[in-house]
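Visitor: 3D model of this:
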Amino acid sequence: MNADKKVKILATLGPAIRDAAHIRQLVEAGVNLFRLNFSHGEHADHAQRYQWVRDVELELNQPIGILMDLQGPKLRVGRFAEGKVQLVNGQSLRLDLDATPGDASRVNLPHPEIIEALRPGMSLLLDDGRLRLKVTGKQRDAVDTCVVAGGELSDRKGVNVPEAVLQLSPLTEKDRRDLTFGLELGVDWVALSFVQRPEDIIEARELIGGKAFLMAKIEKPSAVTHLEDIARLCDAIMVARGDLGVEVPAENVPRIQKDIVRTCRQLGRPVVVATQMLESMRFSPAPTRAEVTDVANAVAEGADAVMLSAETASGDYPLETVQMMSKIIRQVESGPDYQSQLDVGRPQAEATASDAISCAIRRISSILPVAALVNYSESGASSLRASRERPKAPILSLTPSLTTARRLTVAWGIYSVVNERLRKVEEVTSTALEIAQAQGMAKRGETVVITAGEPFGQPGSTNSLRIETLH
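Guide: Numbers count the residues shown, from 1 in each chain. Presented below is the predicted three-dimensional model:
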């Protein structure tokens, strides 16, 4: 088991990854779980990539997580009679429900929910924020705007509405079909796009029905406002900096990222930092210094995982990109101040036996030269609480459930081994020592801390801690 880094890597699969051998190379380079991006590709493509991952998982005898990322609503303007127009600062532009091809004075906006939500004074962003409009007036089926930042606008460019909450489900008909397909495949995580409010999480939960864990993508200002409520309702959070950086001022993104990471750690929810982390490595074998610093900062802030998008999905150097990200993570984690920074941001413990034990193992691993923290958990809940503490030693999570092991691949510091169901604490101790040695996480003479709970199989029952030396 390659447990030499605690921050996990989530890599997106796409046409650049052509077979299971490529998948294996990425896993051996440091990838812990893979993303299937349902904004691109056909179901058959995703099914093939899913099977490659499962084949490698079996070959390496190592749990690998798979996340499906739903596209969400795509808001776009309509078409122009000549394919494009040039918008000039200060001019007027009407957006309406008329499907007739537009010109420089008007264009179709085939989204009545946007027109309904807009008010005079609000901003509209077009083409990933390259063009900016301000609403000056509103009718029942149209809005009038003034061009604040102009430029070329062509057919079907995207629309962002940062200042309004749209009465729009985050799940389109396409998403619902994709979700049914992904759950039938057996994905471990579902990433939900276009989250605006806590109710969106509840809607998705009802559709998923416990068949996968739910990750909310924070990419809208309203989601930032409701962050804590959203985080409490889902299983993990993704800082989706691409769309977020369009809808909020770019200079606010670093602060928002820090706030999200801090909130998620306090709540014990894994958090993934995503988008453009090593973007230049799509076409270059080396990253920019700014990109290296960006990844390093996410690691230092305490993120559970960092994500690669186009870099591995369609880039020219997918393997080199993963290798570089692994090097950055290991370099930061080996720094003299990494652990002290994590300790400064330590979350407030809850008054439970599980949290008391998790705090104890963090403290023990800072005092004793602990090689590994071994936790037996069927649901993975106690392993996540231990991960929340960011202990110095890696966490070896023993579980009888392959599903649990796959879902924990996103969490900081946790490496799982699927083991048969145990019935006594004594069995946990002997099994933990044996597996820790077999996985190369502890050697003879080294100290291992073991936690478990009785009665077995009952969530939240962690109530024992043992310090053992491997003989």
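
Visitor: Quick one: mean pLDDT for stretch 140-154?
Guide: Looking at stretch 140-154 alone, the average pLDDT works out to 97.

Visitor: First-to-last residue distance for it?
Guide: Looking at stretch 140-154, the gap from its leading to its trailing residue is 25 Å under the measure C-alpha to C-alpha, to the nearest Å.

Visitor: which residues are contacting it?
Guide: Counting by C-beta atoms under 8 Å, 6 or more residues apart in numbering, stretch 140-154 makes contact with 77, 80, 83-98, 107, 109, 112, 115, 118, 123-124, 126-127, 130-138, all of which sit outside it. Using the backbone N, CA and C atoms, a C-beta is placed for each residue, glycine as well.

Visitor: Now, of those residues, which are buried?
Guide: Restricting the contacts of stretch 140-154 to buried positions leaves 77, 80, 85, 87, 93-96, 98, 107, 109, 115, 118, 123-124, 126-127, 131-133, 135, 138, with burial counted as 16 or more other C-beta atoms under 10 Å.

Visitor: re earlier: point out the ones among the contacts of stretch 140-154 that are inside strands.
Guide: Among the contacts of stretch 140-154, DSSP state E puts 84-87, 92-96, 107, 123-124, 126, 131-138 in strands.

Visitor: got a pLDDT number for Arg423?
Guide: For Arg423, pLDDT reads 70.

Visitor: residues near it, how many?
Guide: Counted by other C-beta atoms under 10 Å, the residues lying close to Arg423 total 12.

Visitor: cool, the one 5 residues further on as well?
Guide: Using other C-beta under 10 Å, the number of residues around Val428 comes to 24.

Visitor: same thing with the one 5 residues further on?
Guide: Per other C-beta under 10 Å, the neighbour tally for Leu433 reads 19.

Visitor: So it is in contact with Ile467, correct?
Guide: No: here Leu433 does not reach Ile467: they are 11.7 Å apart, not a contact under C-beta atoms under 8 Å.

Visitor: residues shared between the contacts of those two?
Guide: Going by C-beta under 8 Å, 6+ apart, residues that sit against Leu433 and also against Ile467 are 448, 450.

Visitor: Report the contact partners of the closest residue to Leu75 other than its chain neighbours.
Guide: Spatial nearest neighbour of Leu75, excluding adjacent residues (C-beta to C-beta, 6 or more residues apart in numbering): Val159 at 4.4 Å. Residues touching Val159, when contacts are defined by C-beta under 8 Å, 6+ apart, comprise 75-77, 109, 111, 114, 124-126.

Visitor: right, and Asp229 touches Gln196 too?
Guide: No: because the distance of 11.7 Å does not satisfy C-beta under 8 Å, Asp229 is recorded as not touching Gln196.

Visitor: quick one: which of these two has more around it?
Guide: Using other C-beta under 10 Å, the more surrounded residue of Asp229 and Gln196 is Gln196, with 21 against 13.
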